[in-house]
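J.: just coords:
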């Protein structure tokens, strides 16, 4: 009689995924928490926006690949 190996296989796949996704400590030379360097990006109005214009306020950068 053939045993059903699907549950066993799924268990090992789950263990493998969880092992690969385990949290890792940040490297010592990480830039997390440091001040970002000033830079300029093109904005949607045709001009440029500099990070220094938002000094002291939190900034969220959203990059979107335009079509065309």
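T.: Everything's here; your move. Since we're looking at a predicted model, the values are computed, not measured.
J.: how about residue 12, secondary structure?
T.: helix (DSSP: H, G, I helix; E, B strand; the rest coil).
J.: My error: substitute residue 19 in the last question.
T.: Per three-state DSSP, residue 19 ends up helix.
J.: Going forward, count from 173.
T.: Got it, the first residue is 173 from now on, which makes the last one we talked about residue 191.
J.: Next, count neighbours for it.
T.: Residues lying near residue 191 (other Cβ atoms under 10 Å) number 8. Where C-beta positions appear, they are placed from N, C-alpha and C, glycine not excepted.
J.: For the protein, which segments are assigned as strands?
T.: Ranges of strands within the chain are 212-214, 220-222, based on DSSP state E.
J.: Could you identify which of these is most buried?
T.: strand 220-222 (a mean of 12; mean count of other Cβ atoms under 10 Å).
J.: name the helices or strands packed onto it?
T.: On a contact count with 3 or more Cβ pairs under 8 Å, 6 or more residues apart in numbering; DSSP states H and E, strand 220-222 meets strand 212-214.
J.: Mind listing the strands the strand it packs on pairs with, and their directions?
T.: With DSSP bridges as the test, strand 212-214 is paired with strand 220-222 (antiparallel).
J.: what is the mean pLDDT for the strand it pairs with?
T.: Averaged across strand 220-222, pLDDT comes to 91.
J.: Same list, the strands of the chain, but as TSV with distance to residue 200 please.
T.: Below are those laid out as TSV (distance: least, Cβ to Cβ, whole Å):
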stretch	distance to residue 200
strand 212-214	30
strand 220-222	30
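J.: To residue 235, which of those lies closest?
T.: Of all the strands of the chain, the one in closest proximity to residue 235, counting by Cβ to Cβ, is strand 212-214 (8.9 Å).
J.: quick one: the residue lying closest to residue 220 once chain neighbours are set aside and residue 226, what's the gap?
T.: Residue nearest to residue 220 in three dimensions, not counting chain neighbours: residue 212, with 4.8 Å by Cβ to Cβ, 6 or more residues apart in numbering. From residue 212 over to residue 226 the distance is 12 Å, taken as Cβ to Cβ, to the nearest Å.
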